[in-house]
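Asks: No letters, just coordinates:
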Ligand code: SF4
Ligand code: FES
């Protein structure tokens, strides 16, 4: 990959300290191959990587494309590889990179559409497949007038951690299994399935098992564990997957060991 | 739409420390399986006769056997410790709203390991 360089000094901007940003660029209509372009931006203590990228977009090169929205670690749209580690760029401070130089690339494992924007359809489809909503068995839905399904704080504690997911996909970018085989349902989708499976109000585990207990589901995971390390919300998807493996194994034993009652 | 997918190199596991450590953890399972096999064959052979037992015990004292045991021990130890540390992720218990701390679960596993090791050592050395 060739490296092209754009210097801040040429633009007459006065800055005392600078920071070098190597950015992955790709414009499919123009470039056959992606390349790395280097930009010099001012260094500020309170800037996060996203600020520096916004600076490039506003002041140096308006063609740079990337996603962001909330700027406060909530929307999950600003995930990128920073020095090959998946990060929310709105939460990664420039001052934490003392070499004053970073490389920013799109999240690993996804097809890149343009610059730092990747195609997230695969993830969206997987989320849909795991039915991430409360399911009740047929005939067991409460009529509306009977009110909500009640739940104790202790029951909530069983799955609360998994509700914190912001769908940022950092966990997918950290997973070498997903990079090697994109059929893998993947960390966040399985964690979300667990979120409902462990919810005392839900009765849809059997419906989700078809996807979750398939080879492309939990059994594809070899417990590398990096998904949990990079997760900005401590969802711990690796644990969710291993716990789902334990429950599925118990299901198997129950099915084999305990004869089904007839009738 | 044309998209670009970065190819995954065959050496992906050498490109980051956590991936490398993961591959080592998986690799050490070969030593766990290998040593189990070695033990089973050893027991089967040792049961053949008094002489066979004496020869095998002597062979255990050879330098090759020492090196083999040292390497196996190191890898099996690494395997055991990495998995013990991961146990709290798999075994999640709640007491009411509170989750039992990871350190407690891992501690219980290490404690059981210690107790079982002591019992086995006592059985072998004490008899
Ligand atoms: S599990 Fe964590 S890393 Fe994965 S999508 Fe959810 S918040 Fe992001
Ligand atoms: S911009 Fe919303 S999480 Fe970073």
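Replies: Okay, I see it. These numbers were taken from a predicted model, which means no experiment stands behind them. Ligands and ions are numbered 1, 2, ... in the order given.
Asks: Dihedrals phi and psi, residue A:86?
Replies: phi -70, psi 130 (degrees, to the nearest 10).
Asks: How about residue A:59?
Replies: According to degrees, to the nearest 10, residue A:59 has phi -110, psi -20.
Asks: The chain: strands as residue ranges?
Replies: In the absence of a named chain, this looks at chain A. Remark: strands assigned in chain A by DSSP state E are A:3-6, A:18-25, A:35-42, A:79-82, A:85-88, A:101-105, A:112-114, A:117-118.
Asks: hm, I was asking about chain B
Replies: Counting by DSSP E, the strands of chain B are B:94-95, B:98-99.
Asks: Please work out which of the ones you listed is packed deepest.
Replies: strand B:98-99 (a mean of 13; mean count of other Cβ atoms under 10 Å in any protein chain shown). Bear in mind the C-beta positions are built from the backbone N, C-alpha and C, glycine included.
Asks: Give the burial count for the residue lying closest to residue B:56 once chain neighbours are set aside, as a bare number.
Replies: Excluding the flanking residues, the one nearest residue B:56 by Cβ to Cβ, 6 or more residues apart in numbering or on different chains is residue B:46, at 5.2 Å. Neighbouring residues of residue B:46 were enumerated by other Cβ atoms under 10 Å in any protein chain shown; the total is 15.
Asks: Where do the helices of the chain begin and end?
Replies: Looking at chain A here, since you left the chain open. A:49-55, A:121-129, A:153-157, A:160-163, A:170-174, A:176-180, A:187-197, A:205-212, A:226-230, A:237-257 (DSSP state H).
Asks: should've been chain B
Replies: Going by DSSP H, chain B shows helices at B:17-46, B:50-60, B:63-90, B:102-126.
Asks: Need those helices in a markdown table (columns: mean pLDDT and distance to residue A:233).
Replies: Formatted as a markdown table, the helices of chain B follow (pLDDT from 0 to 100; distance: least, Cβ to Cβ, whole Å):
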| stretch | mean pLDDT | distance to residue A:233 |
| --- | --- | --- |
| helix B:17-46 | 94 | 19 |
| helix B:50-60 | 90 | 52 |
| helix B:63-90 | 95 | 16 |
| helix B:102-126 | 94 | 18 |
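Asks: Could you spell out which stretches of chain A belong to which domain?
Replies: A:14-118, A:121-132+A:152-262 (automatic domain parsing).
Asks: Out of those, which is closest to ligand 2?
Replies: domain A:14-118 (3.2 Å; Cβ to the nearest ligand atom).
Asks: Just confirm yes or no for the closest one near chain B.
Replies: Yes: residues of domain A:14-118 contacting chain B under Cβ under 8 Å from any Cβ of the partner chain: A:26, A:28-29, A:33-34, A:84, A:108, A:110-113, A:118.
Asks: what about residue B:38, neighbour count?
Replies: By other Cβ under 10 Å, neighbour count at residue B:38 equals 14.
Asks: From ligand 2, how far out is it?
Replies: 52 Å (Cβ to the nearest ligand atom, to the nearest Å).
Asks: Ligand 1 versus that residue, what's the distance?
Replies: Relative to ligand 1, and taking Cβ to the nearest ligand atom, residue B:38 is found at 42 Å.
Asks: which residue sits closest to residue B:60, ignoring its sequence neighbours?
Replies: residue B:69 (8.0 Å).
Asks: Next: residue A:132.
Replies: Nearest non-adjacent residue to residue A:132, counting by Cβ to Cβ, 6+ apart: residue A:192, 4.6 Å away.
Asks: residues in contact with the closest residue to residue B:19 other than its chain neighbours?
Replies: Spatial nearest neighbour of residue B:19, chain neighbours left out: residue B:13 (4.6 Å); criterion: Cβ to Cβ, 6+ apart. Applying Cβ atoms under 8 Å, 6 or more residues apart in numbering or on different chains, we find residue B:13 in contact with A:176, B:19-20, B:22-23.
Asks: Those residues: which two are farthest apart?
Replies: The distance between the two most remote of these (Cβ to Cβ) is 11.0 Å, for A:176 and B:20.
Asks: Show me which of these two is the more surrounded one.
Replies: residue A:176 (21 against 13).
Asks: and that one, what does it touch?
Replies: Contacts for residue A:176 (Cβ under 8 Å, 6+ apart) come out as A:224, A:226, B:8, B:12-13, B:19.
Asks: how does it look with 7 Å?
Replies: The neighbours of residue A:176, taking Cβ atoms under 7 Å, 6 or more residues apart in numbering or on different chains as the test, are A:224, B:12, B:19.
Asks: So it versus residue B:108, what's the distance?
Replies: 31 Å (Cβ to Cβ, to the nearest Å).
Asks: coming back round to it: quick check on the residues of domain A:14-118 next to chain B: which are buried?
Replies: Neighbour-count burial (16 or more other Cβ atoms under 10 Å in any protein chain shown) is assigned, among the residues of domain A:14-118 next to chain B, to A:26, A:34, A:108, A:110-113, A:118.
Asks: picking up where we left off before, restrict the contacts of residue A:176 to those near ligand 2?
Replies: The subset of the contacts of residue A:176 within reach of ligand 2, by Cβ under 6 Å from any ligand atom, is empty.
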